[in-house]
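Undergrad: Here's a sequence, model it:
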Amino acid sequence: MIINYDSKDIYLTEDFDIIVSKKNDKVRTAGYHDNELLEQTLIKRIQSNVKDFEITKVFAANLNEELGSRMDENLINRIQSSIIEALTIDGFLDIENLSISVVIKDYVNVMFTINIINNRINRDEILSYGFSYNLDSNLTVQNF
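TA: Numbers count the residues shown, from 1 in each chain. Got it, this is the predicted structure:
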């Protein structure tokens, strides 16, 4: 992983709302501790598309391009490829430490699990993050 131990990012809710502390009126940040920064980056890249943030270049899966698509194996392959590209294009994750499994729930809902081998701290640690995507509503929800 390319995450720097000292790096931080704004902590966002699943709806991309910024959290402000009631104690000190400061924006909450996500750091390397407890994989917060990894989780925030996964959420940002999978739940957004490149046009969500016009002021900066983002790496995103652009799942919205599949809105209304027919559920078939080609769609599943495109979703997997989009997610892999969004997570590896800039070296954020190494492709050899990443696997994605996709399960068709019904004709409009797809569930996928991203498994990441975390070899910075413990070589045996596998982090798993689940998401679901609805082709009709273009809604992506994290399940972790």
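
Undergrad: residue contacts, the spatially closest residue to residue 95 that is not a sequence neighbour?
TA: Among residues not flanking residue 95 along the chain, residue 88 sits closest, at 4.9 Å (CB to CB, 6 or more residues apart in numbering). To be clear about C-beta, it is placed using only N, CA and C from the backbone, and glycine gets the same treatment. Contact analysis of residue 88 by CB atoms under 8 Å, 6 or more residues apart in numbering lists 94-95, 98.

Undergrad: can you put those in a markdown table and add neighbour count?
TA: Listed next are these as a markdown table, based on neighbours: other CB atoms under 10 Å:
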| residue | neighbour count |
| --- | --- |
| 94 | 14 |
| 95 | 11 |
| 98 | 17 |
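
Undergrad: Make a markdown table out of those and add distance to residue 83, pLDDT and secondary structure.
TA: Below are the contacts of residue 88 laid out as a markdown table (distance: CB to CB, whole Å; pLDDT from 0 to 100; DSSP: H, G, I helix; E, B strand; the rest coil):
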| residue | distance to residue 83 | pLDDT | secondary structure |
| --- | --- | --- | --- |
| 94 | 15 | 88 | coil |
| 95 | 11 | 91 | helix |
| 98 | 9 | 91 | strand |
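
Undergrad: Which of the residues you listed sits closest to residue 80?
TA: Top of the list for closeness to residue 80, among the contacts of residue 88 and by CB to CB, is residue 98 at 10.5 Å.

Undergrad: That closest one bridge partners, please.
TA: Beta-bridge partners for residue 98, by DSSP bridges, are residue 116.

Undergrad: Could you pull up the contacting residues of it?
TA: 84, 87-88, 114-117.

Undergrad: Next one: the residue nearest to residue 95 from residue 61, what distance?
TA: Counting by CB to CB, to the nearest Å, the separation of residue 88 from residue 61 is 11 Å.

Undergrad: got it, and residue 139?
TA: 14 Å.

Undergrad: again with residue 86
TA: Applying CB to CB to residue 86 and residue 61 gives a distance of 4 Å.

Undergrad: Next, residue 69: secondary structure please.
TA: coil (DSSP: H, G, I helix; E, B strand; the rest coil).
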